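Asker: Need a 3D model of the following:
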Amino acid sequence: QVQLVESGGGLVQAGGSLRLSCAASGTFFSIRAMGWYQQAPGKQRELVATITGGGSTNYADSVKGRFTVSRDNAKNTVWLQMNALKVEDTAVYYCYADVRLDYGDVVRGTTRGYWGQGTQVTVSS
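Answerer: Now for the predicted structure:
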């Protein structure tokens, strides 16, 4: 139904930058919110940043001032610009989309969550 394809991960030195992108495709009515989560080895998946269709954003305290989430509603694409990267940012980053599959979801106020496959970000010291 809905596929999320991420790109842009890689290896970077501390202090460097990376830009992640995620494009949603498939059959759906609209996307309420999109965002990024990270999962480091041995840890739970944690929120990094989210953005609604109206442009409202939410960031984890650890990335405020360094990361910027943005979105193109027409292209169903979300980006995460990561600057001043730290070793502790090393993780697999997952794209997330909160989707209204059809007009019934709009009427009911319901959404369904979808995840991308994840992209590895490694920050070296």
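
Asker: Quick check: bridge partners of Leu80?
Answerer: Per DSSP bridges, the residues bridged to Leu80 are Leu20, Val69.

Asker: Which residue would you name as the spatial centre of the chain?
Answerer: By Cα atoms, centre = their mean, the chain has its centre lying nearest to Trp36, at 2.4 Å.

Asker: Are we agreed that that one is in a strand?
Answerer: Yes - under DSSP: H, G, I helix; E, B strand; the rest coil, Trp36 sits within a strand.

Asker: could you measure it against Ala74, distance?
Answerer: Computed as Cβ to Cβ, to the nearest Å, the Trp36 to Ala74 distance reads 20 Å. Where you see a C-beta, it was placed from the backbone N, CA and C, and this is true even at glycine.

Asker: circling back: isn't the residue nearest to the centre of the chain up against Ala97?
Answerer: No - counting by Cβ atoms under 8 Å, Trp36 sits too far from Ala97 to count as a contact (10.7 Å).

Asker: outside of the lowest-mean-pLDDT helix or strand in the chain, which residues touch it?
Answerer: Scoring the helices and strands of the chain by mean pLDDT, DSSP states H and E places helix 103-108 at the bottom, with a mean of 94. With contacts defined as Cβ atoms under 8 Å, 6 or more residues apart in numbering, helix 103-108 is touched by 29-30, 99-100, 110-112.

Asker: Before I go, just wanted to say thanks for your time.
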